[in-house]
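Peer 1: here is a sequence together with a model predicted from it:
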Amino acid sequence: MNTTSLLDAIRVVKENERVASESYANAAKSINHPRGKELFLQLSKFEAYHFEQVTALEKSLQESGDFINYEGKAFPLPPVFEIKAAEEANRKSMMKIISEAIELEKQAERAYSDLAAQVTDTQGRKMFIRLSEEEHNHYRILNEAYWTLNDLGVWKWSPI
């Protein structure tokens, strides 16, 4: 993959991270349940972190042609409390928000996986693989939240 197309791809995933962070922050504002709100706030912060890291990568590639060292980030543990989702004003709209977030995460995971397959630099490949794995973890967390909210009426997820 040549540097120009790599930088173009990085700009696309960077914009996707910005949009995801904003979308999750907006979703958190529309969720009344504290656990659901916390999940989307954490997702927003995580995607903002990805945005910062991809921006740093873009800058490094432009200035020196080098990939940055990306060690990744762990998703925080969920709050301990459990409150029935019936407190959520409109569970259907929450399910729609979660479904849209699941789709965002699938797209992000695929984009990073595709970049990992195209990059020959070992450090760059490791970074994109790790980013893809983190997006997959977000997908899994959201999927668990979707099903526990739908089936049990509670906001529940595990970070790993």
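Peer 2: Great, that's in hand. Just so it is clear, the structure is predicted and the values come from calculations on it, not from any experiment. Numbers count the residues shown, from 1 in each chain.
Peer 1: and residue 129, how far from residue 136?
Peer 2: 10 Å (CB to CB, to the nearest Å). All C-beta atoms are positioned from the backbone trio N, CA, C, and that covers glycine.
Peer 1: over to residue 101?
Peer 2: Distance, residue 101 to residue 136, using CB to CB: 13 Å.
Peer 1: between these two, tell me which one has more neighbours.
Peer 2: Higher neighbour count among residue 101 and residue 136: residue 101, with 24 against 17, using other CB atoms under 10 Å.
Peer 1: what is the neighbour count of the closest residue in space to the more buried one that isn't next to it in sequence?
Peer 2: Closest residue to residue 101 apart from its sequence neighbours, by CB to CB, 6 or more residues apart in numbering: residue 142 at 5.1 Å. Neighbours of residue 142 under the rule other CB under 10 Å: 24.
Peer 1: so how far is whichever helix or strand residue 142 is part of from its chain's centroid?
Peer 2: Using DSSP states H and E, residue 142 sits in helix 122-152. Remark: helix 122-152 is offset 7 Å from the chain centroid, using CA atoms, centre = their mean, to the nearest Å.
Peer 1: what about that helix, average pLDDT?
Peer 2: Per-residue pLDDT values across helix 122-152 average out to 93.
Peer 1: show the contacting residues for residue 68.
Peer 2: Shown in contact with residue 68 (CB atoms under 8 Å, 6 or more residues apart in numbering): 53, 56-57, 60, 123, 127.
Peer 1: wait, residue 57 sits on residue 123?
Peer 2: No. Counting by CB atoms under 8 Å, residue 57 stays clear of residue 123, with 10.1 Å between them.
Peer 1: what do these two both touch?
Peer 2: Going by CB under 8 Å, 6+ apart, residues that sit against residue 57 and also against residue 123 are 67-68.
Peer 1: more crowded one of these two?
Peer 2: The residue with more neighbours, out of residue 57 and residue 123, is residue 57; 23 against 13, by other CB under 10 Å.
Peer 1: how far away is the more buried one from residue 140?
Peer 2: 25 Å.
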